[in-house]
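K.L.:
need the 3D shape of this:
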Amino acid sequence: MMTYSWALTWLIYMAKCVVITGGAGFIGSATLEVLLRERSRLGVEMIVVVDNLYSGRLENIEHMLHVEGVKFVNIDVSRASDVEKLLQLVKEFRNEVGILHLAAMVSVDEVYRFPSRAVEVNVVGTINIAEMGRRVDAQRIVYASSVAVYGEPKYLPIDEEHELKPVNLYGLTKLMGEEILWRYFEDYGISVIALRYFNVYGPRMRFGPYASVVHKFIEALLRGSVPTIYGDGEQTRDFVYVYDVAEANLRALESRYVGPVNIGSGVEISINRLYSIVCRAVGTCPEPRRAPPRKHDVRRSRASIERAKSVLGWMPRIGIEEGIALTVEWYRKSLAEKQR
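P.N.:
Below you'll find the model as predicted:
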């Protein structure tokens, strides 16, 4: 794994054309919202939102698609022919393209179930986007990586120098994506940063069998059912609010720093405590079902975010109590609208 210490400036300029892959997804739609709010200051003329709508949803972004200069394209990044169409769309902005590569298969369980597809999307898709970036002389590629690249932590908080030893295929595919992009930096000079997201939560989380623990807790409690906690519930995670992550994405796009950067809260929360926080926000707290621990679940996790502070000028603004309350409020409104 290569490390880079020479690029320390941040907030220098923004590309005129920004491509957001996975832009109709959970993190992508929040990032689009923040980018639209800041686009005048940043001088962004065109925003291309890319999604194949496998896990992303058009309803996440449809209220933003009427804005001038925003274009949605239904493209699968794992298909070179699709990415060629994307290249043709943005090539007029040669040397002025910034790419936020968020498209991925992100559930550990889903990757385990569909390993070939996971490699196509997470690895081949990253190669395709990197190659497009090379061909348009992209200013910057921001890659959505993951805490999963570290595996079982040897120490806490986890910093970017921690050993990289994924314990599942998902983590391996994200690490492979990083290594591909470091190669594109070394060989072609493309400015690259990998944001290693910890556990992101907030409005528009993915639903269904591969939903996150926060979504599962909220949905179950709002519908009057009983959530499940795996193991003793004392395993810990670092939860970070999605709009804080969206802000980090933009800081990374503006930055010149090359290398990996953790994006988390820096706070360690047990699943049992998370459940209590969600219960308070919803207003009900049934005794959860208990199930055996899940295979390859790490025991503890907490991010060191010192590098994010120093090279991006970023730190999270929304704590877990406030973030869960905001998320529950959003889900209440969403559920009420669906029941009308």
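
K.L.:
can you give me the neighbour number for R273?
P.N.:
The tally of other residues near R273 (other Cβ atoms under 10 Å) stands at 14. (Each C-beta comes from the backbone N, C-alpha and C, glycine too.)

K.L.:
before we move on, what about D82?
P.N.:
The burial count for D82: 18, using other Cβ under 10 Å.

K.L.:
so it: helix, strand or coil?
P.N.:
helix (DSSP: H, G, I helix; E, B strand; the rest coil).

K.L.:
nearest spatial neighbour of it, skipping sequence neighbours?
P.N.:
Leaving aside its chain neighbours, D82 sits nearest to I75 (4.3 Å; criterion: Cβ to Cβ, 6 or more residues apart in numbering).

K.L.:
what pLDDT does the one you found get?
P.N.:
Per-residue confidence for I75 comes out at a pLDDT of 96.

K.L.:
distance of it relative to V282?
P.N.:
Distance check for I75 against V282: by Cβ to Cβ, to the nearest Å, it reads 38 Å.

K.L.:
now do the helices in the stretch 51-200 of the chain.
P.N.:
Taking DSSP state H, counting those that start in this stretch as the criterion, the stretch 51-200 of the chain carries its helices at 80-90, 108-113, 115-119, 125-135, 169-188.

K.L.:
helices or strands next to the second one in the packing?
P.N.:
Of the remaining helices and strands, those touching helix 108-113 by 3 or more Cβ pairs under 8 Å, 6 or more residues apart in numbering; DSSP states H and E are helix 169-188.

K.L.:
ok, residues contacting the helix it packs on?
P.N.:
Helix 169-188 is contacted from outside by 1-2, 104-108, 111-112, 115, 118-119, 122-123, 126-127, 130, 133-134, 141, 143, 145-146, 148-151, 164, 166, 190-192, 194, 258, 260, using Cβ atoms under 8 Å, 6 or more residues apart in numbering.

K.L.:
in the stretch 201-340 of the chain, which spans are helices?
P.N.:
Going by DSSP H, counting those that start in this stretch, the stretch 201-340 of the chain shows helices at 213-222, 242-254, 271-282, 306-307, 320-339.

K.L.:
among those helices, which is the most enclosed?
P.N.:
helix 242-254 (a mean of 24; mean count of other Cβ atoms under 10 Å).

K.L.:
okay, the angle between it and helix 320-339?
P.N.:
An angle of 110 degrees separates the directions of helix 242-254 and helix 320-339 when computed by axes from the mean of the first three to the mean of the last three Cα atoms, to 10 degrees.

K.L.:
packing partners for helix 242-254?
P.N.:
Contact here means 3+ Cβ pairs under 8 Å, 6+ apart; on that basis helix 242-254 packs against helix 26-42, strand 97-101, strand 140-146, strand 192-197, strand 199-201, strand 259-263.

K.L.:
just checking, what packs against the shortest one?
P.N.:
Contacts of strand 199-201 with other secondary structure elements, assessed using 3+ Cβ pairs under 8 Å, 6+ apart, are made with helix 213-222, strand 239-241, helix 242-254, helix 320-339.

K.L.:
now with 6 Å?
P.N.:
With contacts defined as 3 or more Cβ pairs under 6 Å, 6 or more residues apart in numbering; DSSP states H and E, strand 199-201 has these neighbours: strand 239-241.

K.L.:
next: the longest one.
P.N.:
The criterion is 3+ Cβ pairs under 6 Å, 6+ apart, and the helices and strands that helix 26-42 contacts are helix 242-254.
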